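> Fold the following.
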Amino acid sequence: MDFQVSSPTYLYDLDYSMSAPCRKADVKQIAAQLLPPLYSLVFIFGFVGNMLVFLILIKFKKLKSMTDIYLLNLAISDMLFLLTLPVWAHYAADEWVFGGIMCKLFTGLYHIGYFGGIFFIILLTIDRYLAIVHAVFALKARTVTFGVMTSGVTWVVAVFASVPEIIFTRSQKEDLYNTCSPHFPHTQYHFWKRFQTLKMVILSLVLPLLVMVICYSGILHTLYRCKNEKKRHRAVRLIFAIMIVYFIFWTPYNIVLLLMTFQEFFGLNNCSSSNRLDQAMQVTETLGMTHCCINPVIYAFVGEKFRNYLSVFFQKHIVKRFCKHCPIFQQDSLDRMNSVYTRSTGEQDVSTGL
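Okay, the predicted model is just below:
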């Protein structure tokens, strides 16, 4: 894959976009040492966190609200994205050894999960906006049925957004290495490269930040009229945390992506600059990937009820398994705790919108 989508141009031995061939053996060597352990850590922490969200939503919350539907789909999107990381880790360390079909398959999974995650974050933002700013309208609009319908449409849009990457990405020999990367038509190379970059920047940065600014501005205006000052301050801190975290994790990647695509406009179309941009992409892309590890914390575990469900889950399925004779974890005690949390499933924590 190419850096403008996921897997790096620094895996190429040569960069033919320069006026003269630019060898990138040093960049590839750094990537082979740096990326496999980083991708592995992101995979482990991200998969565990999102799997916990998935299990708690299915087992405890029973998907009784539109928010639950969106959270479940966000977790599924992140897991699809994360499942490809071990493959890209191997690719960074060596070369592509999985063949052409698997190249397109993992490229598709990566991008569908990537775009799906962004779109469901947008839906969760709108969902929180409706719940707090238009509470009366939300009672009718925020139904499980509507959540399922909009989720289906969102997956279709994510697939369509991923189609160009799936079509143009293929496995072939590049110099001495087998690669899995985009190969645009020679006569339309610059058009497709720029189109792909602008699409990524608009969908992964401009659109979500625009939605966040509009929705959270309305939420803040509503919350400042709330009489419960403690709850209001907690909600305001969470809102700014969501926006700042998203901005920190994804803005550097998109800036470097623009610089790489429009190198000639910024006077960076030389070998040394190209190598530095590839190294910057290694860091910023990995930083963006770790947002999958943060999603469960921001959108699920910050809610008090969700944390309670998590506590019950660990007591019933983890602690009890290894501490069967501990009196505090008797079955009747656990059942009472579970019944209390189950009765509160339909209640919404207004401070978090979850």
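> Can you identify each of the strands in the protein by residue range?
Using DSSP state E, the strands found in the chain span residues 14-15, 22-23, 169-174, 177-182.
> Using TSV, please lay out the ones you listed together with mean neighbour count.
To be clear about C-beta, it is placed using only N, CA and C from the backbone, and glycine gets the same treatment. What follows is those, written out as TSV (neighbours: other CB atoms under 10 Å):
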stretch	mean neighbour count
strand 14-15	16
strand 22-23	18
strand 169-174	17
strand 177-182	22
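> want to throw these into TSV with mean pLDDT and distance to residue 289?
Converted to TSV, the strands of the chain look like this (pLDDT from 0 to 100; distance: least, CB to CB, whole Å):
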stretch	mean pLDDT	distance to residue 289
strand 14-15	43	23
strand 22-23	64	26
strand 169-174	86	18
strand 177-182	86	17
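> between these, which one is nearest to residue 29?
Taking CB to CB, strand 22-23 is the member of those nearest to residue 29, at 11.5 Å.
> ok, which stretches of the chain are helices?
With DSSP state H as the criterion, the chain has helices at 25-56, 66-83, 85-93, 99-133, 135-141, 144-168, 189-201, 207-223, 229-261, 271-289, 291-296, 304-314, 320-322, 331-343.
> where does the stretch 51-200 of the chain have low pLDDT?
Along the stretch 51-200 of the chain, no part satisfies pLDDT under 70.
> contact partners of stretch 93-107?
1, 5-6, 11, 32, 35-36, 84, 87-88, 90, 165-166, 169-171, 177-180 (CB atoms under 8 Å, 6 or more residues apart in numbering).
> Run the chain-centre distance for that stretch.
21 Å (CA atoms, centre = their mean, to the nearest Å).
> buried sites along it?
Residues of stretch 93-107 classed as buried: 95-96, 103-104, 106-107 (neighbour count, 16 or more other CB atoms under 10 Å).
> Equivalent analysis for stretch 269-282, please.
For stretch 269-282, by 16+ other CB under 10 Å, it's 269, 273-275, 277-282.
> what do you get for stretch 181-198?
Quick answer for stretch 181-198 (16+ other CB under 10 Å): 181-182, 184, 193, 196-197.
> and which of those is nearest to residue 161?
residue 196 (10.6 Å).
> Relative to residue 37, how far out is the closest one?
28 Å (CB to CB, to the nearest Å).
> Repeat that for residue 308.
35 Å.
> who has more neighbours, these two?
Legend: neighbour count by other CB atoms under 10 Å for residue 308 and residue 37, higher for residue 308 (17 against 11).
> distance of that one from residue 293?
For residue 308, the distance to residue 293 - CB to CB - is 22 Å.
> and residue 215, what pLDDT?
pLDDT recorded at residue 215 is 91.
> Equivalent analysis for the one 3 residues further on, please.
At residue 218 the predicted local distance difference test score is 91.
> what does residue 351 give?
39.
> Number the residues from 44 up from this point.
Sure, I'll start counting at 44 from here, so that last one is residue 394.
> does residue 239 really touch residue 225, like I thought?
Yes: counting by CB atoms under 8 Å, residue 239 touches residue 225, with 7.4 Å between them.
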